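I would like the atomic coordinates for the input below:
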Amino acid sequence: MHSFIYYHPSKAKLGNTSWKIFLFFYDSRLASKLSTLPVKVLLKFLCRKWARRHHLLTESGTLYGIAQDNPETTSPEQFRYDACIVLPAHFRIDNHVQEGILLGRLYAVFSVQHTAEAIQHAWQRIFGAIQLSEYQMDNRPILEKYSGDMTMQENCEICDPIKQA
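Numbering: from 1, shown residues only. Next up, the predicted model:
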């Protein structure tokens, strides 16, 4: 079991969840173009297209977007972003994807609409909530989590890595 801290505007609650093995999406035919694609387009194209073809995009499905670099300090050509999906245990991978494991840690999780304005507002809430808590930011990648019908409604959860202060 891996812990998440769920921060809401008025209260915080501790919840638990477990993460299964998931895939990092990579298509060698697109490798030279990946860095020029907007993050949202990359997640939609690689994850949704591939996941639909393999009948993995269901109401219980979970997608992750993982920014491996800071977009404010990394050039678009060097920026790395992993588009991922949680897989059933019996699933066999093909040569278009790479298997990986996301280790569970502590995250501050905020539900947001996936628009530039909503994301910007969420960052203000996230930093404010963390500063008022017994936690501090951790130096790990921030996750975007899309689960169930969030993938169709353009909503996501921002999972900001935290640790005890």
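
On the pLDDT front, check residue 156 for me.
Per-residue pLDDT puts residue 156 at 81.

That one: how many residues sit nearby?
26 (other CB atoms under 10 Å). C-betas here are computed from N, CA, C, even on glycine.

wait, is it part of a helix?
No. Assessed with DSSP: H, G, I helix; E, B strand; the rest coil, residue 156 is strand; it does not lie in a helix.

what's the nearest residue to residue 56 if we skip its chain neighbours?
residue 85 (5.9 Å; CB to CB, 6 or more residues apart in numbering).

Would you mind writing the CA trace of the helix or strand containing residue 52 as PDB?
Residue 52 belongs to helix 50-53 when assigned by DSSP states H and E. Output of helix 50-53 as PDB, limited to C-alpha atoms (Å, rounded to 0.1, in the frame of the first residue of the first chain):
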ATOM      1  CA  TRP A  50      -2.500   2.600 -28.000                       C
ATOM      2  CA  ALA A  51      -4.700   1.900 -25.000                       C
ATOM      3  CA  ARG A  52      -7.900   1.900 -27.000                       C
ATOM      4  CA  ARG A  53      -6.400  -0.400 -29.600                       C
END
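
Could I get the buried residue list for that helix?
50, 51 (16 or more other CB atoms under 10 Å).

next structured bit after it?
Next along from helix 50-53, by DSSP H and E: strand 62-67.
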